[in-house]
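Okay, sequence plus prediction incoming.
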Amino acid sequence: MSEKKGCLGCSFPLVIGLAVVLLVVLGIGIAVGPVGKSIFGDLGLPGWLSVPQPELKLPADTVFHLFGFPIANSVIAAWITIIFLVGVSYLITRRMKLVPGRLQTVFEFLVGWLYDLCVSVAGEENGRRFFPVVATIFLFVAFNAWLALLIPGFGSITIHTAEGEAHLLRAANTDINMPLALAFTSFGFFWYFGFKTLGIRFMENFLNFKVLKDGFRQLFRGKLVDGLLGIFTGAMTIVTGLLELLSVFIRIISLTFRLFGNMTAGEILIFVMLFLVTYLSVLVLPLYGLELLIGFIQAIIFGGLTLIFLTVAVQSHGEEAH
Amino acid sequence: MEGLGSLGINVSTLLAQVVNVAILFGLLYLVAYRPIMRMLDERSRKIKESMDNTEHIKQQAERAEGEAAKRIEEAAKEGQEAIARAMRTGDEVRQEAQQKAKSEGEALITRARSEIQRERDEAIDQLRGEFADITIEAAGKVIDRTLDKKAHRDIIDKVLKESTTLKKG
């Protein structure tokens, strides 16, 4: 058996040489970067070696105006996601076969998985009604995140606009308007399905005077203890109903900021890491994998919470109590 | 509004994104959910149908198998009967043939016997005639004169007739 020499299929001198080169590149990168600047001050290195200061901007840049309507770069990213999702769906469903091909199987698996999730949470009938809403939210969130990470050009192509330099593309989820729009969609469908299923009774979840009324009735009949107890319970019911109503509105905020926060934090993390390691940006690659996972998890969370809210909406509290 | 603005909340972008979500919802409903759900439903219907069919066919096959077994049993029974009948007929035919052969044989024997008897009688008659002639001739030679053939013959015949040894059977 011949003894293997070297490391990773290369001879030791080559490996050592490569390691030295990499370390030098990393060292120079760190030295010209913010860390080096704060330690050594300005080294007077040539301009092409210096790294520009990163600018973190929460509001999305407006790229152009369409009929006087400002179009932000995150809106363009959302369009790309829409075109991608609709295009792929169209290509696959254009010639659907009863015995599916590979691509159709994958697509059916994804959609079927979402459908099964809806049915398992909301039941057969409601699951079918909620499925398009939940699936749209899931797909939009997930693919907004993935496409922003996988398509080159996000956050790197800058163009000149009337308001100055602006990025052409920005991950849609990291602009708060996108999570907020999704949260409003979730909120809207909550009320829609609630009223559609329960009618005006849906409002009893939030404003229920029945128990209070019963309490007063008992009181007028001379049943003092029952009446007072009823009035107390009625007052509590109204308070909890109002709290419930408040929580419905708070959901908009929680849904929005959960997605926005996670996505923006991921973006900032990658941004800062890239800025710190400067030339050896390949070291940041694992973080891209992490962000892909986080995008998927956030999509499940947003879709799943919407599914749960919708399921709660179509169950009347009266039914739950009995 | 200042704080919201610094976060990036912008009514026009928000509106645009809501419209985007609505457009995506509508388009995906048309090109993804509806056809896929239809396909999945269709497939589960087909599977259910084919399973029902399979059950039906299985039942049919079982029924057919039962029927076939019954038919085979019937046929076997019929076959047995036919064989029994054939054997019975065969026996009858054999017995009949035996009977016939027996009676024919007997008739043949009877006929043969009577034939033998007749031939024997004829032979005896002939023998008797010749014997008388020989006797007369012998007696003539003994006494050396010609005997009245006619008269002696009658006597000899009479004697022969009366003797028991050459009696006709």
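Thanks, I have it.

separation between B:Ala68 and B:Ala82?
According to Cβ to Cβ, to the nearest Å, B:Ala68 stands 20 Å off from B:Ala82. For the C-beta atoms, the positions are set from N, CA and C on the backbone; glycine is no exception.

what about B:Arg111, helix or strand, and which?
helix B:34-143 (DSSP states H and E).

elements contacting that helix?
Applying 3 or more Cβ pairs under 8 Å, 6 or more residues apart in numbering or on different chains; DSSP states H and E, one finds that helix B:34-143 contacts helix A:102-150, helix B:149-162.

Show the subsequent helix or strand relative to the first one.
Following helix A:102-150 in sequence order, the next helix or strand is strand A:158-161 (DSSP H and E).

ok, now which ones touch the residue lying closest to B:Ile156 once chain neighbours are set aside?
The spatial neighbour of B:Ile156 that comes closest, neighbours along the chain excluded (Cβ to Cβ, 6 or more residues apart in numbering or on different chains), is B:Ala132 at 4.4 Å. Residues near B:Ala132 by Cβ atoms under 8 Å, 6 or more residues apart in numbering or on different chains: B:Arg153, B:Ile156, B:Asp157, B:Leu160.

Go through the residues you listed and say which is closest to A:Ile159.
B:Leu160 (169.0 Å; Cβ to Cβ).

Relative to B:Glu119, how far out is the residue nearest to the closest one when sequence neighbours are not counted?
Closest residue to B:Leu160 apart from its sequence neighbours, by Cβ to Cβ, 6+ apart: B:Arg128 at 5.5 Å. In this view, B:Arg128 and B:Glu119 are 15 Å apart by Cβ to Cβ.

for A:Gln298, what are its contacts?
Listed by Cβ under 8 Å, 6+ apart, the contact set of A:Gln298 reads A:Val141, A:Ala142, A:Ala145, A:Asn173, A:Arg258, A:Leu259, A:Asn262, A:Met263.

do A:Gly261 as well
Counting by Cβ under 8 Å, 6+ apart, A:Gly261 makes contact with nothing.

any chance you could read off phi and psi for it?
Recorded main-chain torsions at A:Gly261 are phi -60, psi -50, according to degrees, to the nearest 10.

same check, this time on A:Ala19
The phi/psi pair for A:Ala19 (degrees, to the nearest 10) reads phi -60, psi -40.

Could you report the distance from A:Trp191 to A:Val248?
Remark: distance between A:Trp191 and A:Val248 (Cβ to Cβ) = 8 Å.

Among the two, which residue is more densely surrounded?
Neighbours were counted for A:Trp191 and for A:Val248 using other Cβ atoms under 10 Å in any protein chain shown; A:Val248 has more, 18 against 12.

Could you confirm the more buried one falls within a helix?
Yes: according to DSSP: H, G, I helix; E, B strand; the rest coil, A:Val248 belongs to a helix.

my guess is it contacts A:Phe187, does it?
Yes: assessed by Cβ atoms under 8 Å, A:Val248 is found in contact with A:Phe187 at 7.3 Å.

SS state for the residue sitting furthest away from the middle of chain A?
What lies farthest from the middle of chain A is A:Gly222; by Cα atoms, centre = their mean that is 57.1 Å. Following three-state DSSP, A:Gly222 is assigned to coil.

distance of it from chain B?
Distance, A:Gly222 to chain B, using Cβ to the nearest Cβ, to the nearest Å: 55 Å.

Please name the residues that touch A:Gly87.
Contacts of A:Gly87 (Cβ under 8 Å, 6+ apart): none.

Please apply the same query to A:Leu117.
Neighbour list for A:Leu117: A:Val134, A:Gly303, A:Gly304, A:Leu307 [criterion: Cβ under 8 Å, 6+ apart].

now the last one: how far from A:Ala142?
Read it as A:Leu307. From A:Leu307 to A:Ala142 the distance is 15 Å (Cβ to Cβ).

who's more crowded, these two?
A:Leu307 (26 against 23).

how far is whichever strand or helix holds A:Leu274 from where the chain is centred?
Assigned by DSSP H and E, A:Leu274 belongs to helix A:224-277. How far helix A:224-277 lies from its chain's middle: 17 Å, per Cα atoms, centre = their mean, to the nearest Å.

List the buried residues for the helix or strand following that helix?
Downstream of helix A:224-277, the next assigned helix or strand under DSSP H and E is helix A:285-313. Residues of helix A:285-313 classed as buried: A:287, A:291-292, A:294-295, A:298-299, A:301-307, A:309-313 (neighbour count, 16 or more other Cβ atoms under 10 Å in any protein chain shown).
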